[in-house]
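Engineer: Curious how this folds, go ahead:
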Amino acid sequence: MVVDTIILTAVQFALMLLAVYIGALRALRVYFDPDKESIFLPFDEHPPEY
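Structural biologist: From the prediction side, this is the model:
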């Protein structure tokens with residue numbers, strides 16, 4: 001019973017780490033795409049106009 005709980009917790013933790021890793025990769029691809037203008041890029045001279 002204790003071993004089952006430990007295994008289940010380890011699997012859930014691994015899935016959570018995988019989700020965080022995939023989310024970080026997607027965020028980096030969106031915010032640091034050199035072909036798109038972004039307020040997060042350091043070479044933007046002016047803030048975006050709304």
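
Engineer: what sits against Leu18?
Structural biologist: By CB atoms under 8 Å, 6 or more residues apart in numbering, the contact list for Leu18 is empty. Glycine gets a C-beta too; all of them are placed from N, C-alpha and C.

Engineer: So for the helix or strand harbouring it, mean pLDDT?
Structural biologist: Take DSSP states H and E as the rule and Leu18 turns out to sit in helix 2-31. For helix 2-31, mean pLDDT is 89.

Engineer: That helix: which residues count as buried?
Structural biologist: Of all the residues in helix 2-31, not one is buried under the rule 16 or more other CB atoms under 10 Å.

Engineer: what about Ala14, distance to Met1?
Structural biologist: 21 Å (CB to CB, to the nearest Å).

Engineer: nope, Gln12 is what I meant
Structural biologist: Distance from Gln12 to Met1, by CB to CB: 17 Å.

Engineer: How about Gly23?
Structural biologist: 33 Å.

Engineer: same question, Arg26
Structural biologist: Arg26 is 38 Å from Met1, by CB to CB.
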